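[1] Need a 3D model of the sequence below.
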Amino acid sequence: MVAPSTVVHLDSLPRLGGLYAKALGRQAQAVVARSGRAHQLPGLTQEVGGVQVDPGHLTAYQHLLGERASDVLPAGFVHVVGFPLAVSIMARGDFPLPLLGMVHISNRVTQTRALRLGSALTVRAWSQELRAHRSGTQVELVVEVDDGAAGSAATPAWRGVSTYLARGIRIPNLPAAAETDRDSGEFPVPTAVWHLGAGVGREYAKVSGDVNPIHTSALGAKALGFPRAIAHGMYTASRALAEVGPRRGEAYTWTVEFAAPVLLPGRVNLAIDADLGAGAPVFTYRGWGKKLNFTGTVKGA
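    Residues are numbered from 1 along each chain as shown. Okay, the predicted model is just below:
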């Protein structure tokens with residue numbers, strides 16, 4: 001789908017802490033507010049121009065996720081740059097789903113060329129595809145990031161489509177979301193093992209700004225239906241991307257399906273299968289603990 005034609009220009013990227021604080025205040029009136037929510041998405045695109053990446057922010061991200069030191073912005077870091085704009089869409093009063101407790105269930109990134117430190121970035125975001133899910137309601141948040149180097153915004157350097165699930169929230173008369181086939185095969189020998197401490201959610205929150213309490217607080221996670229804090233989906237996906245490393249090239253498509261949350265503390269086994277045949281390289285990865293947590297691919301252009 002194309003972006004809504006109504007564009008709202010912002011002076012700067014929103015601060016995530018303020019957005020979550022606003023959402024927390026609304027959560028106290030969740031039952032009342034939900035009954036009065038709209039049943040359609042905001043018909044607008046939000047855009048911010050002239051966005052500059054802080055070198056220290058990039059370095060902190062690279063250290064935490066295991067990315068090599070470089071002025072190239074990893075695709076997972078570009079997601080971090082654009083994430084506040086997507087959250088600001090979900091935090092709007094006319095957005096039909098509650099922000100807090102939203103679960104990230106899949107992500108697809110198309111990177112046509114690398115973005116680099118020092119570029120002035122234009123970031124835009126909108127919501128689309130409100131769908132009924134077997135466990136609630138899902139929605140897609142689209143973020144595009146470009147540096148203007150190609151001379152056209154028609155094909156941005158980076159485009160991410162994140163699918164989120166509001167568990168237990170039902171909106172009548174929505175079309176049904178397509179069902180995803182879950183990988184039920186046997187697990188291979190892992191190529192890496194991650195031992196994730198209880199504080200991983202807070203560590204990733206420092207570099208991503210995503211302070212959703214399901215990731216940063218055991219009490220907050222329990223209040224929102226989880227047995228304990230869970231790892232950010234994009235932490236696990238971005239760390240898997242870092243494990244693929246420079247072999248992915250500078251243009252690729254990166255996908256991930258989140259099958260089950262990674263509880264913290266926890267252990268994740270990661271297996272990466274590389275197909276470096278005659279064409280573009282394809283890397284397939286799976287992460288699991290006692291059961292499958294996530295699967296994904298990185299396909300060269």
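
[2] Could you measure from the closest residue to Ala132 other than its chain neighbours over to Gln138?
    Distances taken as Cβ to Cβ, 6 or more residues apart in numbering put Leu174 closest to Ala132, at 4.2 Å, once the chain neighbours are dropped. Where you see a C-beta, it was placed from the backbone N, CA and C, and this is true even at glycine. Between Leu174 and Gln138 the computed distance is 9 Å (Cβ to Cβ, to the nearest Å).

[3] Can you give me the buried ones in stretch 170-177?
    171, 174, 177 (16 or more other Cβ atoms under 10 Å).

[4] my guess is the residue nearest to Ala132 meets Thr137, correct?
    Yes - with contact defined as Cβ atoms under 8 Å, Leu174 reaches Thr137; the gap is 6.7 Å.

[5] so what sits against both of the two?
    Common contacts of Leu174 and Thr137 (Cβ atoms under 8 Å, 6 or more residues apart in numbering): 130-131.

[6] Give the residues shared as contacts by Leu174 and Gln138.
    130-132.

[7] where do the strands sit along the stretch 1-150 of the chain?
    7-10, 45-51, 103-111, 121-133, 136-146 (DSSP state E, counting those that start in this stretch).

[8] Need the contact partners of stretch 267-284.
    187-196, 236, 240, 243-244, 247-249, 252, 262, 285-289, 293, 295-301.

[9] about what we covered before: so which of the strands of the stretch 1-150 of the chain is nearest Ser88?
    Set against Ser88 and scored by Cβ to Cβ, these come closest in strand 45-51, at 6.4 Å.

[10] what bits of the stretch 51-200 of the chain have low per-residue confidence?
    150-153, 181-185 (pLDDT under 70).

[11] Which positions within stretch 156-166 qualify as buried?
    So, applying 16+ other Cβ under 10 Å, buried residues of stretch 156-166: 156-166.
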